[in-house]
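Asks: Could you look at this predicted model? Sequence included:
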Amino acid sequence: MKTQNYASPIFTAASFAFISFAFFVVTGCSADSSIAGATDEPVATAEAVNMGAPSKAVASDDGIYGTMTDPRDGQVYKVVKIGEQWWMAENLNYEAEGSACYSLRSGECETRGRYYDWQTAMDIKGKTSQPTYPVPGVCPADWHLPTAEEWRTLIHVVGQSESSYALKANYGWAPGFEGADKFGFTALPEGEIHSGDVWLHGVDARFWASSEDEDEFGQTAAIYDDMAEVRMELILKSRMVQLTVRCVHD
């Protein structure tokens, strides 16, 4: 297996300076939005999906790929089965209040997906009741915002010690920091938006989880350029921060 050299002075200092400043690290479907070709039974085999083009350049794997159409706007997303979970292989690009595009240009959403604040990702704006799990959030019907535990399951399945390398795309990252994209997840370093400004683009991929820690913090899954493992981290929900979203099948 290819081993990646993670030691580099280019982004390491910036990454850790930002983490120490902004984050607290935690150790440790309607028919229209179902997977294309699926029957009434849960999608579990290669025969149950529309085997379209894989969502990555590397083809020497046994991944099971398909597509999913969001009935709200007709957008088609690549999906991939990793272990027993079906994941979107692209960032969500559903336009909702509280979402934004890279550099605030709408055309960027088509290739990068959108960034969502916590309340929008959870779909709890103006609601007084507590969400029930699994939380549909901003995801299409029959899909939901993954919990921290579902992210940990993904990390375990791909191999925790090199989970970042396994899930990162083999393009789009700085030279020497590309991933193997062994499972077709194709995580790209889209960074995050803070108060309207894009931070850490090219350095990290950070996704919302639906899990909370008390009332102030939301969980995130963070993939950094210079770290071998995906990290589960907390972020203040009250901060003006918008992150990308990957949905997982119910």
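Replies: All right, it came through fine.
Asks: Out of the helices and strands in this protein, which is least certain?
Replies: Least confident helix or strand of the chain, by mean pLDDT, DSSP states H and E, is strand 24-25 with a mean of 36.
Asks: Can you list the residue ranges for strands in this structure?
Replies: Using DSSP state E, the strands assigned to the chain run over residues 24-25, 64-69, 76-82, 85-88, 99-100, 115-116, 143-144, 192-194, 197-199, 204-213, 217-224, 231-236, 241-242, 248-249.
Asks: Give me the sheet partners of the third one and which way each runs.
Replies: To tie it back to what came earlier, the one meant is strand 76-82. strand 64-69 (antiparallel), strand 85-88 (antiparallel) (DSSP bridges).
Asks: Mind telling me which of these the model trusts least?
Replies: The stretch with the lowest mean pLDDT among the strands paired with strand 76-82 is strand 64-69, at a mean of 93.
Asks: so where's this structure uncertain?
Replies: Scanning the chain for pLDDT under 70 picks out 1-63, 103-107.
Asks: Name the residue closest to the centre of it, please.
Replies: residue 246 (3.7 Å; C-alpha atoms, centre = their mean).
Asks: I figured it was touching residue 86, is that so?
Replies: No: assessed by C-beta atoms under 8 Å, residue 246 is found out of contact with residue 86, at 11.0 Å. C-betas here are computed from N, CA, C, even on glycine.
Asks: Can you show me the helices along this protein?
Replies: Here the chain has its helices, by DSSP state H, at 12-22, 109-112, 118-122, 148-158, 163-167.
Asks: list the helices and strands the second one packs on?
Replies: On a contact count with 3 or more C-beta pairs under 8 Å, 6 or more residues apart in numbering; DSSP states H and E, helix 109-112 meets no helix or strand.
Asks: Can you point out the buried residues in it?
Replies: Residues of helix 109-112 classed as buried: 109, 112 (neighbour count, 16 or more other C-beta atoms under 10 Å).
Asks: Now find how far off-centre that helix is within its chain.
Replies: Mean-position distance between helix 109-112 and its chain equals 14 Å (C-alpha atoms, centre = their mean, to the nearest Å).
Asks: so residue 235 makes contact with residue 222?
Replies: No: using C-beta under 8 Å, residue 235 is not in contact with residue 222; the gap is 9.2 Å.
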